[in-house]
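# the following comprises the amino acid sequence and a computationally predicted model.
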Amino acid sequence: MKIPRFTYHRPATEEEALAMLTEFGEDAKVLAGGQSLIPLMALRLSRPAHLIDIGGLRELAAIRERSGTVSVGAAVRHVEVERSALVARAAPLAAAAMPHIGHGAIRNRGTACGSLAHADPAAELPAVALAAGASFVVRRASGERTVPASEFFLGYLTCDMGPDELLVEWRLPTWPVTAGWSVQEVSRRHGDFALLGMAAMIDTDPVGRISTAALSLFGAASTPIRVDAAEKLLTGEPPSAALFDEAAEIVKGQLDPPGDLHGTAAYRKHLGAVLTRRCLSEAAGRLGAAA
Ligand SMILES: Cc1cc2nc3c(=O)[nH]c(=O)nc-3n(C[C@H](O)[C@H](O)[C@H](O)COP(=O)(O)OP(=O)(O)OC[C@H]3O[C@@H](n4cnc5c(N)ncnc54)[C@H](O)[C@@H]3O)c2cc1C
């Protein structure tokens, strides 16, 4: 199906883009890589009268390390995150998620910030952001605010941004070099959205007990979710297969996932336990690997 008519705008500066968002408000949509927006328009699920293409904003096209964070600008494409030596070293959880996102062609066009602003609960990056304690820099013509990932994702395809706001930057705290990480998912075919997935990080103290644990699920609810009860169980204990089995049972018990044509709720609960074991084993094997 052809997409509905719209007026295309290609601002030359961020200031110009913000002015357009103020002017057109609800009638406009930001166009980043178009890998989610254009299919939605083709299905007539979104009918913006104006598309504001941010692809030419060079000031938003960088990945930088500053003030203890790795900052990914709004125009940075998935493929650039995937190939970034800085992300691999200082944000390995994000790097681990990248190969799971669609296919190469999609990662060549799609942007990391586009995926985060789109807030699909089955997408990898929102769950990575939640596990890593990331934050988002959101700007409008009249000012800027920073929103922690824990407050950003509000519901299905809904995040804490107004129609006149632009997500300009995704900030990931520089990785603690002692910590281990893992991103695991199960999908029907490689490149499909996950039936269920998990992004996990664990860190240990000098005597080898888990000091921090973050388990973040995607495809499990209307937003990515952390499993606090399992994180609490892990904290203060030395990593072991038996401990990870216990955490897996907690995750399974806490999950209340949707069921659909692709997998029942019971199957997704089962996957919750399987992915917890896989993630924690891989993360434990990587403790100190970023040092
Ligand atoms: C076949 C296929 C398979 C896919 N598989 C996966 C997958 O497995 N995992 C996954 O995570 N994704 C998947 N995707 C989606 C892909 O990753 C998209 O690139 C991503 O979701 C959106 O990024 P984009 O840059 O293309 O955003 P766009 O499609 O341009 O925009 C998406 C939405 O976000 C808004 N937006 C974009 N950037 C900003 C910004 N900076 N500020 C404010 N609003 C903004 C837009 O207005 C729009 O509402 C798949 C897509 C396809 C077509």
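Sure, I can see it.
# when you work out contacts or count neighbours from here on, use the C-alpha atoms and nothing else.
OK.
# the ligand contacts on the stretch 151-291 of the chain?
Leu166, Leu167, Val168, Gly191, Asp192, Phe193 (Cα under 6 Å from any ligand atom).
# got a list of what the second one touches?
With contacts defined as Cα atoms under 8 Å, 6 or more residues apart in numbering, the neighbours of Leu167 are Ala74, Cys113, Ala117, Phe136, Val137, Val138, Arg139, Met161.
# rerun at 7 Å
Ala74, Cys113, Ala117, Phe136, Val137, Val138, Arg139 (Cα atoms under 7 Å, 6 or more residues apart in numbering).
# most neighbours among those residues, which one?
Ala74 (28 neighbours; other Cα atoms under 10 Å).
# do I have it right that it meets Val168?
Yes: at 4.9 Å, Ala74 counts as touching Val168 under the criterion of Cα atoms under 7 Å.
# tell me the residues that contact both of these two, please.
With Cα under 7 Å, 6+ apart, Ala74 and Val168 have common neighbours Leu60.
# show me what the helix or strand hosting Ala97 is packed up against.
Using DSSP states H and E, Ala97 maps to helix 92-97. Applying 3 or more Cα pairs under 7 Å, 6 or more residues apart in numbering; DSSP states H and E, one finds that helix 92-97 contacts helix 124-132, strand 180-186.
# residues contacting Thr7?
Ala49, His50, Leu51.
# nope, Gly288 is what I was after
Gly288 touches Val177, Thr178, Ala179, Gly180, counting by Cα under 7 Å, 6+ apart.
# and what of Met198?
Val183, Gln184, Glu185, Leu215, Ser216, Leu217, Phe218, Leu275 are the contacts of Met198 under Cα under 7 Å, 6+ apart.
# just the CA trace of the helix or strand hosting it, in CSV.
Counting by DSSP H and E, the element that carries Met198 is strand 196-204. Extracted in CSV, the C-alpha atoms of strand 196-204 (Å, rounded to 0.1, in the frame of the first residue of the first chain):
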residue,chain,number,x,y,z
LEU,A,196,11.0,-12.7,24.6
GLY,A,197,14.5,-11.3,25.4
MET,A,198,16.7,-10.2,28.2
ALA,A,199,19.5,-7.6,28.7
ALA,A,200,21.5,-8.4,31.8
MET,A,201,24.5,-7.0,33.7
ILE,A,202,26.1,-8.2,36.9
ASP,A,203,29.1,-6.8,38.8
THR,A,204,31.0,-8.3,41.8
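# show me what whichever helix or strand comes after it is packed up against.
Sequence order places strand 210-218 as the next helix or strand after strand 196-204, per DSSP H and E. Applying 3+ Cα pairs under 7 Å, 6+ apart, we find strand 210-218 packed against helix 124-132, strand 196-204, strand 225-226, helix 228-234.
# quick check: mean pLDDT across the third one?
Confidence for strand 225-226, expressed as mean pLDDT, is 98.
# begin at 667, not 1, for the rest of this chat.
Yes, from this point I'll number from 667; that puts the last item at strand 891-892.
# who does it pair up with?
Strand 891-892 sits in its sheet next to strand 876-884 (antiparallel), going by DSSP bridges.
# between the partner strand and strand 862-870, how many degrees?
170 degrees (axes from the mean of the first three to the mean of the last three Cα atoms, to 10 degrees).
# check what contacts strand 876-884 and list those residues.
Contacts of strand 876-884 (Cα under 7 Å, 6+ apart): 787-790, 793, 796-797, 862-871, 890-893, 897, 900-905.
# tell me the centre residue of the protein?
Among the residues of the chain, Leu791 comes closest to the average C-alpha position under Cα atoms, centre = their mean, at 1.6 Å.
# and it, what is it in contact with?
Contacts of Leu791 (Cα under 7 Å, 6+ apart): Ser781, Leu782.
# pLDDT wise, what is it at?
pLDDT, read off for Leu791, is 98.
# again with Gly954
On the pLDDT scale, Gly954 gets 86.
# likewise for Gly925?
89.
# wait, it touches Ala931, no?
Yes: assessed by Cα under 7 Å, Gly925 is found in contact with Ala931 at 4.2 Å.
# could you check how far Val745 is from the ligand?
10 Å (Cα to the nearest ligand atom, to the nearest Å).
# got the angle for the top helix by length along the chain vs strand 846-852?
Using DSSP state H, we find that the single longest helix of the chain is helix 931-951. Orientation check (the same axes, to 10 degrees): helix 931-951 against strand 846-852 gives 150 degrees.
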